[in-house]
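>>> Test case, fold it:
(2 chains)
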Amino acid sequence: MASRSVANLEKGERAVIKAFRDRAMSLKLLEMGCVPGTEVRLDAVAPFGDPICINIGGWYCLALRRDEAASIEVE
Amino acid sequence: MKQKKNRIALVGNPNAGKSSLFNQLTGLRQKTGNFPGVTVEKKSGTFRLTTPDQGAVQEVLLIDFPGIYSIYPKSADEQVVMNVLANPSHPDYPDAVIVVADASNLQRNLLLFTEIADLGLPTVLALNMLDIARSMNQEVNAVPLAMQLGVPVVKINARTGEGLAHLRQAVQQLLDHEKAALPYFFDPSETQAALIEEVKESYQLTNNYLALQYVCQHDSFAFLDQPRRARLDAFIDKHGFDQTDFLARETITRYERLKPIVEKAVKVDGFGAQPRWTQRLDRVLLHPVWGYLSFMLILLVIFQAVFAWAQYPMDWIDAGTASLIGWTKEALPAGVLNELLTDGLMAGIGGVIIFIPQIAFLFALVALLEESGYMARVMVIMDRMMRRLGLNGRSVVPLISGVACAVPAIMTTRSITNSYERLLTILVTPLMSCSARLPIYTILIALVVPEQTVLGVLNLQGLVLFALYFLGLAAALGSAWLLSFFIKRKETSYFMLEMPTYKLPRWSHVGITVYDSVRSFVVEAGRIIVAISIVLWVLASYGPGDRMEAAEESVRARMAQEAPDVQEAAVSSVRLEYSYAGHFGRFIEPAIRPLGYDWKIGIALISSFAAREVFVGTMATIYSIGGDASEDAMTVKERLRAERNPRTGGPMYTPAVSYSLLVFYVFAMMCMSTLAIVYRETRGWKWPLIQLVYMMALAYGAAFAVYQLMS
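Numbers count the residues shown, from 1 in each chain, chains lettered A, B, ... in the order given. Modelled structure (predicted):
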């Protein structure tokens, strides 16, 4: 089974960050606090499903595009 | 002898309250400029440290840096931070650093703090937004933080000014006492000892982490020359250094080491969530229906403010400058100097300050939306549509600001981190109908659109006006889409945007923003507009040879019986015809005839080339309204209506000509100030020239089509 990404989360669902699929994007995501092992939760979805707002580790809310979210693998 | 003031750098994440703290500490003792050599805005200001025992008061200079998430820059603006902090001989190099951290999001905010501390700079940590942390059920304790991090930690509230006395003391102590260097939070020598040692040795550095910055960021370090950069590249090859991998590991290591520290300092009750009112508001403002409706409603208020409410102060300014010009004309002896001062200089300054109310209203509202946290939501709901056109959700702010004036609007594009999306936004923003086009629209619409109501409530003239604004918006979005095929994208587009919690705006902060933007408009754009209006005045007042004087003589002779004011009007009309401007008008007539224009409109086109707001004034002069200060739209309109086309004998301003002119002004790049600001922001003439050509081509083509189809 293909691994899931943040983009596959349902609203309100929580998951733990496992790895990144895009090397260049991962640097920016890491700086924003998306560190492997951190728990995230899908908080809100913009009209037409993109971008999405995820809560990072209970700290804050980050809005990002669906394809950016798709580069974050979760379990 | 006066000592050089100590410099304090203010660094922090965006949204951590950095600008609030800056305003609290410096008040109005601040000034805006640029960092040397780059166009990044630098705000600096003085504030006082207290030394109660000596009774002396030390003033220090606080420098506000762009908000960053880490010291690794993601945009041109962010590069300035390390260009200063990595270069001890930079004039802005600080003696101490205040890092502002959002206490409700401590872990991510401390990442930047540990990076700054590792550079070896004396640092104090200011914990802000503790009230928000509390509303998210977090209790933040400063003592364990200070113990673990080894630096002073001060709790502040940048919005109310609480804790600032402690912050001043902490800064004072940093300046007074030389502290032993702290152990590295993350030492690059742990894994790259050989590389770091080699770099330290050849560049006389003592700090391991600074050496790493030479390795990673040397391409953006302006203070390193080409051979010194090339040597670093050689080191990287020699040691097989993989930057992306290393930086990913660095950030992960920092977070791993921060985790236990933060866990000790912050008591969290459950999985944190944004305060309830923020969640509730987001449910409405990000909703597919209510979200867009609220945004439309807010836009409507902005339009109302910019066009209706700003009209009153604009009328006062207009009347004020007109009477001041009239008074000066009377009071000073007549002559060339008098005319240059009144018709050239003062009229030019008047043309600048008339836009102050609109700019002030617009920036007050935009600042309110940004302060409250709503702007981030607008970017989120607009990003998807903007992305398809090659833009970014962040492009919405410049596009909205463009309805007041493209100059400040283009300045707001600095928040777009992607240089490609920023360029595209700069290129299309001037197509938004700015306030300078409004007088042209008003007078031409009044000329050709009958005053009648359609569908019971809608005013037909108002509908046409709305259609023109819509045309500008459609042109801006359409051009972005078309241009995105021609301009190459260099970097991938990011959106990633922190969603701040909603906050009540701080009025003093809004006030300072408004004051700043008005001042920069008056100073930056004002200089150019005034210079151009003086040049124009010269071109319209003098002509080649003595043909102008000869023509004046003959008119005076012919109209000797007429009343003096009629005579003067005819004289000023004929003088314009034989002036340099008049010659230009005749020169370009063949080019504009396909659009339905004659040489008189040609003069107006040329004179308004520098600034479109000149158009109505020029029309007034050409159609011999003369220099009457109390001219109103009615009389200009009547004159235009009475104007005959010498070739057809019918009215000159047929619907075809008027609509052609209207469409021309929707698209045309008739604004020197915009070109100047685009030159400044893109650092070269390439893009302003491309912008000029494409907008003019669009204007010419559209006006041609309209005229040919309607006549």
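>>> okay, CA-based contacts and neighbour counts for the rest of this
Will do.
>>> Any idea what the residue nearest to residue B:29 when sequence neighbours are not counted is bridged to?
Sequence neighbours aside, residue B:45 is the residue nearest to residue B:29 in space, at 5.4 Å (criterion: C-alpha to C-alpha, 6 or more residues apart in numbering or on different chains). Here residue B:45 sits in beta bridges with residue B:30, residue B:62, going by DSSP bridges.
>>> Contacts only, for residue B:45.
B:26, B:29-31, B:61-63 (C-alpha atoms under 8 Å, 6 or more residues apart in numbering or on different chains).
>>> What of residue B:695?
Counted by C-alpha under 8 Å, 6+ apart, residue B:695 has contacts B:667-669.
>>> and the helix or strand it falls within, what's its mean pLDDT?
Using DSSP states H and E, residue B:695 maps to helix B:686-710. Average pLDDT, helix B:686-710: 95.
>>> Buried ones in that helix, by neighbour count?
B:687-688, B:691-692, B:694-700, B:702-704, B:706-707 (16 or more other C-alpha atoms under 10 Å in any protein chain shown).
>>> hang on, the earlier thing: same list, the contacts of residue B:45, but as TSV with pLDDT and neighbour count please.
TSV is the format used below for the contacts of residue B:45 (pLDDT from 0 to 100; neighbours: other C-alpha atoms under 10 Å in any protein chain shown):
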residue	pLDDT	neighbour count
B:26	90	17
B:29	78	11
B:30	78	19
B:31	78	13
B:61	94	20
B:62	95	26
B:63	94	23
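>>> Using the three-state scheme, assign residue B:535.
Secondary structure, DSSP: H, G, I helix; E, B strand; the rest coil: residue B:535 is helix.
>>> Neighbours of it, how many?
Counted with other C-alpha atoms under 10 Å in any protein chain shown, the neighbours of residue B:535 add up to 16.
>>> Same check on residue B:395?
Neighbours around residue B:395, by other C-alpha under 10 Å: 24.
>>> Please report how far it lies from residue B:413.
7 Å (C-alpha to C-alpha, to the nearest Å).
>>> Need the pLDDT of the residue nearest to residue B:29.
91.
>>> Kindly report the same for residue B:2.
On pLDDT, residue B:2 comes in at 48.
>>> hey, where'd the strands end up in chain A?
For chain A, the strands defined by DSSP state E occupy A:4-5, A:14-20, A:39-45, A:52-56, A:60-64, A:72-74.
>>> so how far is the first one off the chain centroid?
Right, the one you point to is strand A:4-5. Computed by C-alpha atoms, centre = their mean, to the nearest Å, the chain-centroid distance of strand A:4-5 equals 9 Å.
>>> Name the strands paired with it and say parallel or antiparallel.
strand A:72-74 (antiparallel).
>>> what does the fourth one give?
Strand A:52-56 sits in its sheet next to strand A:39-45 (antiparallel), strand A:60-64 (antiparallel), going by DSSP bridges.
>>> what's in contact with that strand?
Strand A:52-56 is contacted by residues A:33-34, A:38-46, A:61-66, B:273 when judged by C-alpha under 8 Å, 6+ apart.
>>> among those residues, which ones are buried?
Buried members of the contacts of strand A:52-56, scored by 16+ other C-alpha under 10 Å, are A:33-34, A:39-46, A:61-66, B:273.
>>> Show the pLDDT at residue A:44.
So residue A:44 comes in at 89 (pLDDT).
>>> Just give the closest residue to residue A:71, not the sequence neighbours.
Once flanking residues are discounted, residue A:71 sits nearest to residue A:21: 4.8 Å by C-alpha to C-alpha, 6+ apart.
>>> got the contact list for that neighbour?
Residue A:21 neighbours (C-alpha under 8 Å, 6+ apart): A:71-73.
>>> for the chain, longest helix please?
You didn't pick a chain, so chain A it is. helix A:23-31 (DSSP state H).
>>> Correction: the question concerned chain B.
helix B:460-486.
>>> Point me to the residue of the stretch 1-150 of chain B nearest chain A.
As assessed by C-alpha to the nearest C-alpha, chain A sits closest to residue B:105 within the stretch 1-150 of chain B, at 5.0 Å.
>>> Surely that residue touches residue A:62?
No. When contacts are counted by C-alpha atoms under 8 Å, residue B:105 is not listed as touching residue A:62 (11.6 Å).
>>> for the chain, which spans come out with low pLDDT?
You didn't say which chain, so I picked chain A. Within chain A, the segments meeting pLDDT under 70 span A:1-2.
>>> think we crossed wires, I meant chain B
Within chain B, the stretches with pLDDT under 70 are B:1-3, B:37-39, B:51-56, B:270-273, B:524-525, B:528-529, B:532, B:620-636.
>>> Could you pick out the residues of it near chain A for me?
Applying C-alpha under 8 Å from any C-alpha of the partner chain, one finds that chain B approaches chain A through B:69-70, B:104-108, B:111, B:244, B:247-248, B:251-252, B:255, B:271-274, B:283, B:286-288, B:380-381, B:383-384, B:494-500.
>>> Brilliant, that's me finished.
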